[in-house]
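J.: this one's sequence-less:
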């Protein structure tokens, strides 16, 4: 069978949290800190990242936040398709019940400015969807959440790597994440993947792990 091969960003655990130091210059890291302070000033409160996986109502907040931006205008948001919304709701419920849903929210002053919808399998996190408040785009809330998500990943000793689930040419993730993993798809799968790309470069169901496919207890280590 003819296969398509491509590399996409992944993040492997380090002994120390040196991820951004490996990919960003000191000047760029300083600029991100400046934007973080500016965002907190606009919100009138410090920023914090919270995992809202146990709050079913927050899933609706994610759908609304995504639909409010360019993905809604382009018709690629979850809310743009009844089938995608059902898939999102069913997948979220199943993974939440299995303890394998991660719904990160960047918040400040009672306002959510960016969110990530991620699924866990074995010792990995699969980052499937991201949304941010475009009214605050000048402060890069989406990038701020990506940086905070890296920090949250390092604090979890049970997770050894993250799959970006993005397209190989995603400029932001390629710049932030230092590692790569090669994937090979059969021609038919590759064509279907190209037709069903989601917000972060993957279909809702195509690359998501199944909660029943892995034991509830996360394995201690997995090599890439």
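T.: The structure has been received and is ready for your questions. Keep in mind that this is a model prediction, so the values were computed, not measured.
J.: what residues does the lengthiest helix in the chain touch?
T.: Longest among the helix segments of the chain by residue count, using DSSP state H, is helix 26-43. With contact meaning CB atoms under 8 Å, 6 or more residues apart in numbering, helix 26-43 is reached by 20-21, 24, 46-47, 108-109, 111, 113, 136, 139-141, 143-144, 147. Any C-beta I mention is one placed from the backbone N, CA and C, and that applies to glycine too.
J.: Out of those, which end up buried?
T.: 20, 24, 47, 108, 113, 136, 139, 140, 141, 143, 144, 147 (16 or more other CB atoms under 10 Å).
J.: Same question for the first one, what's its three-state structure.
T.: When you say that, I think you mean residue 20. helix (DSSP: H, G, I helix; E, B strand; the rest coil).
J.: Low-confidence stretches in the chain?
T.: 1-3, 186-224 (pLDDT under 70).
J.: right, and residue 24 touches residue 177 too?
T.: No. Applying CB atoms under 8 Å, one finds residue 24 not in contact with residue 177, separated by 10.9 Å.
J.: Can you give me the end-to-end span of stretch 92-112?
T.: 19 Å (CA to CA, to the nearest Å).
J.: one step back: out of the buried ones among the contacts of helix 26-43, name the ones that lie in strands.
T.: Among these, the ones falling in strands (DSSP state E) are 108, 113.
J.: which ones are touching the residue positioned nearest the centre of the chain?
T.: The centroid of the chain falls nearest to residue 127 when counting by CA atoms, centre = their mean (3.4 Å). Neighbouring residues of residue 127 by CB under 8 Å, 6+ apart: 116, 118, 149, 162, 163, 164, 165, 166, 200.
J.: Wait, a strand at the second one?
T.: Yes. Assessed by three-state DSSP, residue 118 belongs to a strand.
J.: That one reaches residue 145, doesn't it?
T.: No. Using CB under 8 Å as the test, residue 118 is too far from residue 145 to be in contact (11.3 Å).
J.: which residues do these two both contact?
T.: The contact lists of residue 118 and residue 145 share residue 104, where a contact means CB under 8 Å, 6+ apart.
J.: Now do the spatially closest residue to residue 182 that is not a sequence neighbour against residue 165, distance only.
T.: Distance criterion CB to CB, 6 or more residues apart in numbering; nearest residue to residue 182, sequence neighbours excluded, is residue 7 at 5.3 Å. Per CB to CB, to the nearest Å, residue 7 is found 13 Å from residue 165.
J.: Helices along the chain, start to end?
T.: Under DSSP H, the chain gives helices at 19-23, 26-43, 56-67, 70-74, 82-97, 141-155, 171-176, 187-195.
J.: Compute the inter-axis angle for the second one and helix 141-155.
T.: For helix 26-43 against helix 141-155, the angle by axes from the mean of the first three to the mean of the last three CA atoms, to 10 degrees is 110 degrees.
J.: quick revisit: in TSV, list the contacts of residue 127 along with neighbour count and distance to residue 81.
T.: Listed next are these as TSV, based on neighbours: other CB atoms under 10 Å; distance: CB to CB, whole Å:
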residue	neighbour count	distance to residue 81
116	26	20
118	25	20
149	23	26
162	21	26
163	23	23
164	27	23
165	25	18
166	23	20
200	20	16
